[in-house]
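K.L.:
Give me a 3D structure for the following:
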Amino acid sequence: MIQPDQFKMREGGLHTAILPFEPTVANHCLMLGGILRDAICHEAKLHDSAFDDAGFRNVMRAMTSGDVEVLFFAAAWDLCKPKIIGATINFRSLSMQRDGDDLIVKNGIYSEDVCILPSRMRGLVAELPEGNKFPSEGLGIHFIQESMRHFAQKGMRDGAIPAGQTFEFAPHNTKIVKIQEQLGASLGADSHSGLLRIAELTDTIRNKWTMPVEILGVPLPDGRIDPNNFIVRWRGASGRQKIDAGFTKGISTFKGSMVTQGQIISNGELPRPAMVESVMASILKAAEQEIRARRWGKLDSRLPKKRSPSIPLLGNKRQAYSALLAVQNDELFAPPISEGESAVFGAKPPPMHIHALNEPEILAGLRSLDVENRMLGSNAMQTASLDLEKSGASKGAVRPLKLIGSEAAHIPLFSLVA
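P.N.:
Take a look at the predicted model:
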């Protein structure tokens, strides 16, 4: 039950509230299941796609894992009869921005879904009291603003304050386009931006000349390495040319399968097109290796348990090394956990959705690597971002993150503890 003190009265007498999803609250899971099923069915129909029951169950599993930030939209004329009319589904992500000739990375949000369901709105319309009215600005922009205000004031589950939001949209969805334009979002257009999908790395990507890139871990507020985000960075020989790519573990609410969201940004100083292609291929190859190591292809991406080595304390060096080697052999030659996965090379990577916003040269380089458009049903999707600092939604500490070298993001093969 939603408590009355969680609501605020809006223009016209409508009460609204943002309600964070809590996996430990039983009725929250029931509410999430109902709203999510209705939302997926509605949007699948809107985008000429199909509802997948098995995928839906996978989505519900992921929602209770803690990696996903869900906010319910509640509304009521009578506080004794509140209604959940929509929800927003978000992942902890990165906000990548230009700062003069430099690039900075801050905490961010990737919004997978935002919906207000017509079927639930009809219930509110039917109960409209005489003399009351709906807010003049509409409920779509209101709930999106309230969602961003919630994250700005209370942060995400781990305490991070997001500086920016990334999302995709269908250019033909005029309602969403109008709302995002009102919020001041930067919406991609075909001439300079694109959202591309890579089911698996093409031969063109794999055969491109490899350039040196660096993989960087992202720190969480408590100091741990974020298991769901990392950066791949390229710098030109002179240091003036800079490209960063951020990768975020996510899940498709339509199919229930894992997907990696990638953002690519430059400082505007780019090499000739042929080299841009090689840099893009190198970033994607490095990202695939990191994704395999992190097991993002699994719904449960926690590393498999390893057998502890039994070291003979009174034995000689040869006996100790033999014990360690036996443990490593168990892992190296264990049968694959699932199709496309091995103990050596990690989990089969999920598809990548690559966002290139206002980066025409990078977009051209990606397209030359035989990368396809990201489609939802028969519709090509586009990328967009919202700067929460400039929009006034974010008031917290959103300083640039001090990224950590890749050596801190991985557990060593084995270690000796005295």
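
K.L.:
who touches Gln6 in this structure?
P.N.:
Going by CB atoms under 8 Å, 6 or more residues apart in numbering, Gln6 touches 17, 19, 74. In short, each C-beta sits where N, CA and C put it, glycine included.

K.L.:
Can you flag which of these belong to strands?
P.N.:
17, 19, 74 (DSSP state E).

K.L.:
which regions of the stretch 1-150 of the chain sit below the pLDDT cut-off?
P.N.:
1, 26, 42-44, 46-52, 54-55, 63-66 (pLDDT under 70).

K.L.:
just the helices in it please.
P.N.:
26-46, 53-63, 118-126, 139-154 (DSSP state H, counting those that start in this stretch).

K.L.:
Could you single out the most deeply buried of the ones you listed?
P.N.:
helix 139-154 (a mean of 19; mean count of other CB atoms under 10 Å).

K.L.:
tell me the angle that helix makes with helix 118-126.
P.N.:
Helix 139-154 runs at 100 degrees relative to helix 118-126, counting by axes from the mean of the first three to the mean of the last three CA atoms, to 10 degrees.

K.L.:
and helix 139-154, C-alpha only, in CSV?
P.N.:
Extracted in CSV, the C-alpha atoms of helix 139-154 (Å, rounded to 0.1, in the frame of the first residue of the first chain):
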residue,chain,number,x,y,z
LEU,A,139,1.8,13.5,-17.0
GLY,A,140,4.6,12.3,-19.2
ILE,A,141,6.9,15.2,-18.7
HIS,A,142,5.8,15.5,-15.1
PHE,A,143,6.8,11.9,-14.2
ILE,A,144,10.1,12.0,-16.1
GLN,A,145,11.0,15.2,-14.3
GLU,A,146,10.0,13.7,-10.9
SER,A,147,12.1,10.6,-11.7
MET,A,148,15.2,12.7,-12.4
ARG,A,149,14.5,14.7,-9.3
HIS,A,150,14.3,11.5,-7.2
PHE,A,151,17.7,10.3,-8.4
ALA,A,152,19.2,13.8,-7.9
GLN,A,153,18.0,14.1,-4.3
LYS,A,154,18.3,10.5,-3.1
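
K.L.:
other SSEs contacting that helix?
P.N.:
strand 15-20, strand 68-76, strand 83-99, strand 102-116, helix 174-183, helix 388-391 (3 or more CB pairs under 8 Å, 6 or more residues apart in numbering; DSSP states H and E).

K.L.:
Mind listing the strands the longest one pairs with, and their directions?
P.N.:
The reference is to strand 83-99. Here strand 83-99 has these sheet partners by DSSP bridges: strand 68-76 (antiparallel), strand 102-116 (antiparallel).

K.L.:
tilt between the shortest one and strand 15-20?
P.N.:
Following the same axes, to 10 degrees, one obtains 160 degrees for the angle between strand 68-76 and strand 15-20.

K.L.:
What strands line up against the host helix or strand of Leu216, and which way round?
P.N.:
Leu216 is part of strand 214-219, with elements assigned from DSSP states H and E. In the sheet, strand 214-219 lines up against strand 225-235 (antiparallel), strand 404-405 (antiparallel) (DSSP bridges).

K.L.:
Worst mean pLDDT among the ones you listed?
P.N.:
Averaged per stretch, pLDDT over these is lowest on strand 404-405, reaching a mean of 86.

K.L.:
what's it in contact with?
P.N.:
By CB under 8 Å, 6+ apart, strand 404-405 touches 214, 216-219, 225.

K.L.:
Return the distance of that strand from the chain's centre.
P.N.:
In terms of CA atoms, centre = their mean, to the nearest Å, the centre of strand 404-405 is set 20 Å apart from its chain centre.

K.L.:
what's the answer for stretch 359-369, then?
P.N.:
Distance, centroid of stretch 359-369 to centroid of chain: 22 Å (CA atoms, centre = their mean).

K.L.:
Output it in CSV, but only the C-alpha positions, please.
P.N.:
Listed next in CSV are the C-alpha coordinates belonging to stretch 359-369 (Å, rounded to 0.1, in the frame of the first residue of the first chain):
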residue,chain,number,x,y,z
GLU,A,359,29.8,12.1,-33.8
PRO,A,360,29.5,11.9,-37.6
GLU,A,361,33.1,10.7,-38.2
ILE,A,362,32.8,8.0,-35.6
LEU,A,363,29.4,6.9,-36.9
ALA,A,364,30.9,6.7,-40.5
GLY,A,365,33.7,4.6,-39.1
LEU,A,366,31.4,2.2,-37.4
ARG,A,367,29.2,1.8,-40.5
SER,A,368,32.2,1.0,-42.6
LEU,A,369,32.8,-2.0,-40.2
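
K.L.:
Isn't Ala62 up against Thr253?
P.N.:
No: judged on CB atoms under 8 Å, Ala62 makes no contact with Thr253 at a distance of 9.1 Å.
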